[in-house]
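Chemist: For reference, the sequence and a predicted model appear below.
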Amino acid sequence: MTSVRVERLYKIFGPQPTELVRRLEAGADQEEIKAASSTAAVVDASFDVQEGETFVVMGLSGSGKSTLIRMLNGLLTPTAGRVFVDDEDITKMSAGALRTMRQQKMSMVFQHFALFPHRTVLDNAGYGLQIKGAGKSEITEKAREALSLVGLEGWEERYPQQLSGGMRQRVGLARALAAHTDVLLMDEAFSALDPLIKREMQDQLLNLNAKLGKTIIFITHDLNEAMRLGDRIAMMRAGEIVQIGTAEQILNEPADDYVASFVQDVDRSRVLSAASIAEPPETLLSASASPDEALALMRQQHTDRLFVADGGQRLLGELSAAAAEQAHQDGRSDVRSVLAPVTDPVAGTTPMKALLSRMSTEAVPTPVVDEQQRLLGVITPVAVFQALCQEVPAAEGGDGADAAAIKEASASDV
Ligand SMILES: Nc1ncnc2c1ncn2[C@@H]1O[C@H](COP(=O)(O)OP(=O)(O)OP(=O)(O)O)[C@@H](O)[C@H]1O
């Protein structure tokens, strides 16, 4: 189900914003907007975020990410366009209704933690509930529970300055979780953290959300972070969303030179998964095939090994030429009884990095399966190395300033 839907959203800072939206719709560019002493911070943004999805908005500094996220929870009023939260148009809500909507449906985690220095960790974690008017015992119970979820049990009575940066951000996350809202908005939530701590926090968020299933809208300028966390990523440039896709789609089919120059330095082996490079197996046999049919397919494909699947593509095992020959001599009608189990098929979600050590010792195709053991395809060492070495087209004639800024942004993030 759709949790948040954004339709043709604009935010113009400056005089006569509505007139400038009209001009943008008629094809005006950013230069024209600047000439009118204004900034088009968000231009014609449309997307849906599904329940339980982690949707990342990614772009360089000034590309409009914070403005966009602030329109999603009504902290900023759009110049034009609509934002639906659970099918309710929040652009039509009064200030009071917006506050209630935020308390009940959306929590925000900020880059600089936004903790109160004179409140304990427990009081900071319970702050959202306090604002909501919850009773003291409910606040304590839910704040403790949220702190325990983020691994801060035992730290309840400490103060923010007694914590490391990573721990402070855990308190920020606990405060959002304690509010029990379905949607979390995270604005550069991990950007102020050291690279190692940042990675730990990313892991924690992934693990936590596998349990909690929250809808997360996460803003970052770090593409590696976007690719680790996002089910889908929206790439923003100068207020516009230039591409929305999975990490693999963005890596393999960048929409334009801007996106291409971003993805150039990404470690492909961390992003691409086994499923994305699996090839359809030429040597797939139906379990109801006769031994003669199996032997004929082996001859045709110049192989002495076939994968065998049932009608639902579920991998049942593998068939050797010797086993097929034996089944033929025994007069069997099909090959089911002579299958050998497939040793260790690869899960489709396995990152390529984890495949590499395995591939170097296995020259034969390895089956790739989904959670139901359905065969997605096979991977071969050649396919893995080709995918790793695939060049992303260089950004020709692109914006040099952007390319330099992208390099700088990636260099500061490991
Ligand atoms: N209140 C404001 N008044 C005028 N211009 C603004 C205002 N807020 C943002 N802008 C401008 O809108 C553009 C988008 O800013 P925004 O903060 O949304 O970008 P961002 O991608 O979040 O960048 P950063 O990561 O640096 O925060 C920028 O050019 C910024 O200067």
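Modeler: Thanks, I have the structure now. These numbers come from a predicted model, not from an experiment.

Chemist: Run through the residues of the stretch 151-300 of the chain sitting next to the ligand.
Modeler: Within the stretch 151-300 of the chain, the positions adjacent to the ligand are His221 by C-beta under 6 Å from any ligand atom. From N, CA and C alone the C-beta is placed, and that goes for glycine too.

Chemist: Is there a neighbour count for the residue in the stretch 151-300 of the chain that the ligand sits nearest to? I'd like the number.
Modeler: Evaluated by C-beta to the nearest ligand atom, the stretch 151-300 of the chain has His221 as its residue closest to the ligand, separated by 5.7 Å. Burial of His221 is recorded as 23 neighbouring residues (other C-beta atoms under 10 Å).

Chemist: wait, isn't it in contact with Leu60?
Modeler: Yes - when contacts are counted by C-beta atoms under 8 Å, His221 is listed as touching Leu60 (5.9 Å).

Chemist: And this structure, split by domain according to the record?
Modeler: If the domains of the chain are taken from automatic domain parsing, they occupy 2-264, 275-389, with pieces of a single domain joined by a plus sign.

Chemist: about what we covered before: if I look at the residue of the stretch 151-300 of the chain closest to the ligand, what pLDDT would I see?
Modeler: Note for His221: predicted pLDDT of 91.

Chemist: so where do the helices sit in the stretch 51-200 of the chain?
Modeler: Taking DSSP state H, counting those that start in this stretch as the criterion, the stretch 51-200 of the chain contains helices spanning 65-72, 95-105, 121-125, 127-132, 136-149, 165-178, 195-212.

Chemist: And for the stretch 301-414 of the chain?
Modeler: With DSSP H, counting those that start in this stretch applied, the stretch 301-414 of the chain shows helices at 321-329, 352-361, 381-389, 400-411, listed in chain order.

Chemist: Next up, phi/psi of the residue of the stretch 151-300 of the chain closest to the ligand, please.
Modeler: According to degrees, to the nearest 10, the main-chain angles of His221 amount to phi -110, psi 10.

Chemist: now do Glu51
Modeler: In this entry, Glu51 is assigned phi and psi values of phi -60, psi 130 (degrees, to the nearest 10).

Chemist: pLDDT below threshold where in the stretch 151-300 of the chain?
Modeler: For the stretch 151-300 of the chain, applying pLDDT under 70 flags no range at all.

Chemist: same thing with the stretch 1-150 of the chain?
Modeler: Applying pLDDT under 70 to the predicted model, the residue ranges of the stretch 1-150 of the chain that meet it are 113.

Chemist: got the residues of it near the ligand?
Modeler: Counting by C-beta under 6 Å from any ligand atom, the stretch 1-150 of the chain sits next to the ligand at Phe13, Thr39, Ala41, Gly59, Ser61, Gly62, Ser63, Gly64, Lys65, Ser66, Thr67.

Chemist: 5 Å instead, please
Modeler: Phe13, Thr39, Ala41, Ser61, Gly62, Ser63, Gly64, Lys65, Ser66, Thr67 (C-beta under 5 Å from any ligand atom).

Chemist: hang on, isn't the fourth one packed against His221?
Modeler: Yes - in this structure Ser61 lies within contact range of His221 using C-beta under 8 Å: 6.2 Å.

Chemist: Contacts only, for Lys353.
Modeler: Residues counted as contacts of Lys353 (C-beta atoms under 8 Å, 6 or more residues apart in numbering) are Asp267, Ser269, Arg270.

Chemist: Which of those fall within helices?
Modeler: Among the contacts of Lys353, DSSP state H puts Ser269, Arg270 in helices.

Chemist: quick check, nearest of the contacts of Lys353 to Ile244?
Modeler: Using C-beta to C-beta, the shortest approach to Ile244 within the contacts of Lys353 belongs to Arg270, at 20.7 Å.

Chemist: Contact partners for that closest one?
Modeler: Contacts were defined as C-beta under 8 Å, 6+ apart; by that measure Arg270 touches Asn224, Met227, Arg228, Pro351, Met352, Lys353.
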